[in-house]
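1. A predicted structure for the sequence below; I have some questions about it.
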Amino acid sequence: MNVQGSEEFYYIIVHQKTDSMLYLGHLDYINLWERLLRIADLPLAYNLKTQRNMKINFIQPLGLGVEGVHELIHITLEKNVPAHIISEKLQTICPRGIIIKKIVSTKYPAKWYNKHKYAIEYMVQFNNNKSLNKAIPMLEKIPEIIKYGCLNQTQLYLKVKNTADKQINMKELFSQLLKVDIIKMKRVRLLYTVKQPNA
């Protein structure tokens, strides 16, 4: 419940961010989603102090140019709306590059997701096998990388430690620290210290 005692309802928007959306900065992406949620005519909950900022939380913003396969947006509504209704409303208005995968009703506020996340899985596409082989020995020296493995001659799987206190800029990691070029980076999913409810 909020400060005034009215009940609030939490939802996770599970979606894919791809195509032209990859190069939309985070602030522009927030503004886009705020417009989409208003157009969808959902009973949005707002910050009581300002009555302007809707309660929307991006559980780990994506870096510019990084594709997100399983991205999570936490929203708060003032009324209990069936998840499939929210999904139908959003699917009809989302622009190219945003694909709604599912909407999940949850009992947890956004801070639960931020508190319990501990790692992120990535898929990295290198321009050639030489670049991949160059990166592998250096990955072993980076303590935040929990696990890695080759998917094929030019693709690498990474599991990277990523908490609220320590967040890794993956594009910067490859371009500045490892000094190798990559073609594409895809964030596969967030991992949690406890079982993630439904999303």
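-> Looks like it arrived, so ask away.
2. please make it C-alpha for all contacts and neighbour counts, starting now.
-> Noted.
3. for this structure, where's the lowest mean pLDDT among helices and strands?
-> Here the helix or strand of the chain ranked lowest by mean pLDDT, DSSP states H and E is helix 170-172, holding a mean of 76.
4. so which elements touch the helix or strand just after that one?
-> Downstream of helix 170-172, the next assigned helix or strand under DSSP states H and E is strand 182-192. Applying 3 or more CA pairs under 8 Å, 6 or more residues apart in numbering; DSSP states H and E, one finds that strand 182-192 contacts strand 67-77, strand 117-126.
5. quick check: mean pLDDT of the longest one?
-> I take that to be strand 67-77. The average pLDDT within strand 67-77 is 95.
6. and the contacts of it?
-> Defining contact as CA atoms under 8 Å, 6 or more residues apart in numbering, one finds that strand 67-77 is touched by 8-18, 22, 42-45, 55-60, 62, 109-110, 185-190, 199.
7. that strand versus strand 182-192: what angle between them?
-> 40 degrees (axes from the mean of the first three to the mean of the last three CA atoms, to 10 degrees).
8. gap between strand 67-77 and the chain center?
-> Centroid separation for strand 67-77 versus its chain: 6 Å, with CA atoms, centre = their mean, to the nearest Å.
9. what's the answer for the shortest one, then?
-> Averaging C-alpha coordinates over strand 117-126 and over its chain gives two centres that are 11 Å apart (CA atoms, centre = their mean).
10. pairing partners for that strand, with directions?
-> strand 155-161 (antiparallel), strand 182-192 (antiparallel) (DSSP bridges).
11. check the ones you listed for me and report the most buried one.
-> strand 155-161 (a mean of 20; mean count of other CA atoms under 10 Å).
12. residue 168: neighbour count?
-> Residues near residue 168, counting by other CA atoms under 10 Å, number 14.
13. that one touches residue 174, doesn't it?
-> No: applying CA atoms under 8 Å as the test, residue 168 and residue 174 come out as separate, 11.0 Å apart.
14. ok, residue 17 touching residue 101?
-> No: Residue 17 lies out of contact with residue 101 (CA under 8 Å); the separation is 10.6 Å.
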